[in-house]
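> kindly generate the corresponding structure for this input.
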Amino acid sequence: MAKRNIVSADNFDMIYWEGLGEAMQSYPQMFRVYVTKHVSHFQGMNRQLSRDVTQGVENVCPCCGRRNESTGHITRCTDEGRTEMFEELVDILADFLSETHMDGGLIDCIVTYLLQRGEQSMSSIVYRMPLFTTVARDIDTLGWDCLLEGRVPLSLIELQTFYLRKHSSYWKIKTWGSHLVQHLLNITHRQWLYRNARIHLRNMAEGLTSSEHEDDAGRSS
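Next up is the predicted model:
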């Protein structure tokens, strides 16, 4: 990933790769392909598809209408339905964190950070909460997209290890980390599915032929 400029060489060792690897092993092959295409920015986004002028694709988000639909827009789209889904999945993540003994203050900070959709730094959210300063700094260094693509900072894993031991939890940190990654990837993937469903429904309403619809579905998978 460092060679592809997805993660800088300086930040590579900050990431909990073991948990990401464990999570990826739990998925079927096609989902792993989806993740690889997404993190490589090689999804069928309209910014990419519009470069082929023969396709007649306009470079706008099919949900909110914002121009320049990049891979990064997937988790930032302000469409009402997508925002509602995003918030529901963040709530599910918060429940998981609470059930697995994470500090309530840290949960609130993570939820706030996610709901800000990349518009507010984690460090500004944990202001005057010194216990979370290192985690916040590392999340900000790696960036919003990194977290929503399942690349979790090791400092968060180390802090959660403390919480699990404190509560004598049956959770092993490797399993917990894998589940966290799955929750984060699910938030991103569900946005992608919603986006594609909107396109396909629109195509059906506009009466595209079967072959045209299949072509569109193939570009969006």
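> for the protein, which spans come out with low pLDDT?
For the chain, the stretches with pLDDT under 70 are 1-5, 205-221.
> from the contact counts, what lies against the helix ranked longest in it?
Looking across the chain with DSSP state H, the single longest helix is helix 173-205. Judged by 3 or more CB pairs under 8 Å, 6 or more residues apart in numbering; DSSP states H and E, helix 173-205 is in contact with helix 17-25, helix 29-39, helix 80-99, helix 144-148, helix 154-166, helix 210-220. Where C-beta positions appear, they are placed from N, C-alpha and C, glycine not excepted.
> check which residues of it are buried.
173, 176-185, 187-192, 194-196, 198-200, 203 (16 or more other CB atoms under 10 Å).
> also stretch 90-98?
V90, L93, A94, F96, L97.
> let me have those residues in CSV, extended by distance to E22.
Converted to CSV, the buried residues of stretch 90-98 look like this (distance: CB to CB, whole Å):
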residue, distance to E22
V90, 22
L93, 18
A94, 22
F96, 16
L97, 18
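> of those, closest to Q120?
V90 (14.3 Å; CB to CB).
> so that closest one sits against Y113, correct?
No. Assessed by CB atoms under 8 Å, V90 is found out of contact with Y113, at 9.8 Å.
> how about the contacts made by the residue positioned nearest the centre of the chain?
Nearest to the mean C-alpha position of the chain, counting by CA atoms, centre = their mean, stands L148 at 2.5 Å. Counting by CB atoms under 8 Å, 6 or more residues apart in numbering, L148 makes contact with T75, L184, I187, T188.
> farthest-separated two in the residues you listed?
Checking the contacts of L148 with CB to CB, the most distant pair is T75 and L184, at 9.8 Å.
> I139 - that's part of a helix, no?
Yes. Under DSSP: H, G, I helix; E, B strand; the rest coil, I139 falls within a helix.
> which residue is the nearest non-sequential neighbour of it?
Computed as CB to CB, 6 or more residues apart in numbering, the closest residue to I139 that is not its neighbour in sequence is M122, at 4.4 Å.
> what's the neighbour count on that neighbour?
M122 is flanked by 25 other residues according to other CB atoms under 10 Å.
> how about the contacts made by it?
Contact analysis of M122 by CB under 8 Å, 6+ apart lists C109, Y113, V135, A136, R137, I139, D140.
> quick check, nearest of the contacts of L148 to D103?
L184 (18.5 Å).
> against P62, how distant is that closest one?
Taking CB to CB, to the nearest Å as the measure, L184 falls 24 Å from P62.
> and for P130?
Taking CB to CB, one finds P130 at 44 Å from P62.
> show me which of those two is the more surrounded one.
P62 (20 against 8).
> and that one, how close does it get to Q43?
13 Å.
> and if you look at T100?
Distance, T100 to Q43, using CB to CB: 31 Å.
> Q120 against C109, yeah?
No. Applying CB under 8 Å as the test, Q120 and C109 come out as separate, 10.6 Å apart.
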